[in-house]
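Student: predicted model follows, preceded by the sequence.
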Amino acid sequence: MSTLNPRITAVRTLDLRFPTSRFHIGSDAVNKDPDYSAAYCILETDTGLEGHGLTFTLGRGTELCVMAVNYLSRFLVGRTLSDITANMAAWVQELTGDTQFRWLGPEKGVIHLAAAALVNAVWDLWARAEGKPVWRLLADLSPEQIVACIDFRYITDALTPEEALEILRRNEPTKRDRIAQLLQSGLPAYTTSVGWFGFSDDKIRNLCQQALSEGWTHFKLKVGGDAADDLRRGHIVREEIGWDHKLMVDANQKWDVGQAIDRTRQLAELDLWWMEEPTSPDDILGHRRIRQETNVRIATGEHCQSKVMFKQLLQAEAIDVCQIDSCRVAGVNENLAIILMAAKFGIPVCPHAGGVGLCEYVQHLSAFDFIWAGASLQDRVVEYVDHLHEHFLTPVQIQRGRYMLPQTAGFSIEIYPESLREYEFPSGTYWLSPEAQQTATPK
Ligand SMILES: C[C@H](O)[C@@H](O)CC(=O)C(=O)O
Ligand SMILES: [Mg+2]
């Protein structure tokens, strides 16, 4: 263990917004004009070491997340790293269970997104103090230490600490082989960047051709528009990628349950590998019905607000694919619980990463899944979107459609100071320029 034990002296929080809406990047049937944004926080310490974290948002909502991060920072300031990591489950309970803030959730919405930024920043600080990337820090923890990071309250009817330990201990003897495999050939991935909702047919064709030449084999298309149009766009993608590659579609919660069933059945002629977010993310029984009444695998999770919801999706046999998100729930610790539950229920984890920083984050969690939990790459693909990586000091490395694991200490989430100065809202140089009027955010 490292001897570095920095004390957190302050939390600096920024409202960061990128003008992606100008080019329809990130657009879907529901979020038609997203400006990829983040409440970004920097944990300052007495040693000079910093911990960086963010929670992903879309444009105008960022302001609320920034305020929530500032409020919750009281659970970090004045503490040493080991004060927090010695009993992380207890600290997470404190962070999410404050007797006044809890009323805003509990464990959902803005306050939970804010908790994610801070929890992830602590993992960044911890990993930097250890001189390891987060995935390696997790790989080197003992099963008992991993279990000690998890708050099992509300999920013991699906996964007890003893069952989690059993999964981890079962995988421990072979974890070195899987680490070696990951270091050599990385994590399989898919691209969503070919098929945003606002892209023209020609653009979709060109992007498919480019992605094929880069070695991609799994592609996702946004649907949820006019039915005939969705099918036509789907066939355009199929014409370009052929029928041997995998195609997934994402409706981003557009439909009622009955409508989702009809539309999924229609789209099934595209030979879908999964249908994503066909209806409200809160509708567990709705997802189950869609799954039962179509012959298509159902994926959801990017808007699944807590481990309790994931527990029910798994218990109800409502999903085929578990899409964790690094910031929707309270960061690494809650995601460890979800990944272990998915392993117990035999459901593959294919993380969501459509946003800023989410690709950088989630590679560490998928590595944890492979090393410790699901212990398989079968039917697992990590989402990749090809945007905004240039702002990160250690952006993801993709080779032939696979994430190659980072070697730099930390959580890969630090953004260049120049980018912070340019895109901080509303005072950054971009937001003060006339161009800014062409994006969705300032309206
Ligand atoms: C608004 C986001 O871009 C969303 O469309 C991302 C998403 O659903 C995905 O990546 O999946
Ligand atoms: Mg999605």
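Tutor: Right, received. Where do you want to start? Ligands and ions are numbered 1, 2, ... in the order given.
Student: if I look at Met88, how far off is ligand 1?
Tutor: 29 Å (CB to the nearest ligand atom, to the nearest Å). From N, CA and C alone the C-beta is placed, and that goes for glycine too.
Student: where does the protein get nearest to ligand 2, residue-wise?
Tutor: Proximity of the chain to ligand 2 (CB to the ion) peaks at Asp250, 4.3 Å away.
Student: so who does that residue touch?
Tutor: 28, 192, 220-224, 276-277 (CB atoms under 8 Å, 6 or more residues apart in numbering).
Student: by neighbour count, which of these wins?
Tutor: With neighbours defined as other CB atoms under 10 Å, the most crowded of those is Val223; it has 32 neighbours.
Student: my read: that residue touches Leu267, true?
Tutor: Yes. Counting by CB atoms under 8 Å, Leu267 is a contact partner of Val223 at 6.5 Å.
Student: overlap in contacts, these two.
Tutor: Counting by CB under 8 Å, 6+ apart, the shared contacts of Val223 and Leu267 are 230, 234, 249.
Student: now the second one: how far from ligand 1?
Tutor: As judged by CB to the nearest ligand atom, Gly234 and ligand 1 stand 16 Å apart.
Student: for the first one, same thing?
Tutor: Counting by CB to the nearest ligand atom, the gap from Asp230 to ligand 1 is 15 Å.
Student: show me what contacts the closest residue to that residue other than its chain neighbours?
Tutor: Spatial nearest neighbour of Asp230, excluding adjacent residues (CB to CB, 6 or more residues apart in numbering): Val223 at 4.2 Å. Contact analysis of Val223 by CB under 8 Å, 6+ apart lists 29, 230, 233-234, 249-251, 254, 263, 267.
Student: again, only this time at 10 Å
Tutor: Counting by CB atoms under 10 Å, 6 or more residues apart in numbering, Val223 makes contact with 28-29, 195, 197, 229-231, 233-234, 248-252, 254-255, 263-264, 266-267, 270, 272, 275-276, 278.
Student: for stretch 117-134, buried residues please.
Tutor: 117-130, 132-134 (16 or more other CB atoms under 10 Å).
Student: where does the prediction get shaky in the stretch 201-350 of the chain?
Tutor: Nowhere does the stretch 201-350 of the chain drop to pLDDT under 70.
Student: and it, which residues reach ligand 2?
Tutor: Within the stretch 201-350 of the chain, the positions near ligand 2 by CB under 5 Å from the ion are 250, 276.
Student: quick one: residues contacting the residue in the stretch 51-200 of the chain that ligand 1 sits nearest to.
Tutor: Residue nearest to ligand 1 within the stretch 51-200 of the chain (CB to the nearest ligand atom): Thr192, separated by 4.9 Å. By CB under 10 Å, 6+ apart, the contact list for Thr192 reads 26, 28, 218-222, 248, 250, 276, 352-354, 383-387.
Student: check which helix or strand the residue lying closest to it once chain neighbours are set aside maps to.
Tutor: In this structure, Thr192 finds its nearest non-sequential neighbour in Lys220, 4.4 Å apart by CB to CB, 6+ apart. Using DSSP states H and E, Lys220 sits in strand 218-222.
Student: and that strand, what does it pack onto?
Tutor: strand 187-195, helix 201-213, helix 227-241, strand 246-250, strand 272-276, strand 382-384 (3 or more CB pairs under 10 Å, 6 or more residues apart in numbering; DSSP states H and E).
Student: most neighbours per residue, which of those?
Tutor: strand 382-384 (a mean of 27; mean count of other CB atoms under 10 Å).
Student: endpoints of stretch 370-386, how far apart?
Tutor: 24 Å (CA to CA, to the nearest Å).
Student: what mean pLDDT does it have?
Tutor: When pLDDT is averaged over stretch 370-386, the result is 98.
Student: so is it next to ligand 2?
Tutor: No. Residues of stretch 370-386 contacting ligand 2 under CB under 5 Å from the ion: none, with a closest distance of 7.9 Å.
Student: buried stuff in that stretch?
Tutor: Quick answer for stretch 370-386 (16+ other CB under 10 Å): 370-375, 377, 379-386.
Student: what's the domain layout of this structure?
Tutor: Domain assignment of the chain by automatic domain parsing yields the ranges 8-132+418-433, 171-411.
Student: residues of the stretch 51-200 of the chain that sit close to ligand 1?
Tutor: By CB under 6 Å from any ligand atom, the residues of the stretch 51-200 of the chain that approach ligand 1 are Thr192.
Student: where do the helices sit along the stretch 51-200 of the chain?
Tutor: 62-72, 81-85, 88-97, 109-130, 134-140, 143-148, 161-171, 175-185 (DSSP state H, counting those that start in this stretch).
Student: list the buried residues in stretch 169-188.
Tutor: Applying 16+ other CB under 10 Å to stretch 169-188 flags 171, 175, 178-179, 182, 186-188 as buried.
Student: sorry, back to before: of the contacts of Thr192, which ones also sit close to ligand 1?
Tutor: Answer for the contacts of Thr192 near ligand 1 (CB under 6 Å from any ligand atom): 26, 28, 250, 352, 354, 383.
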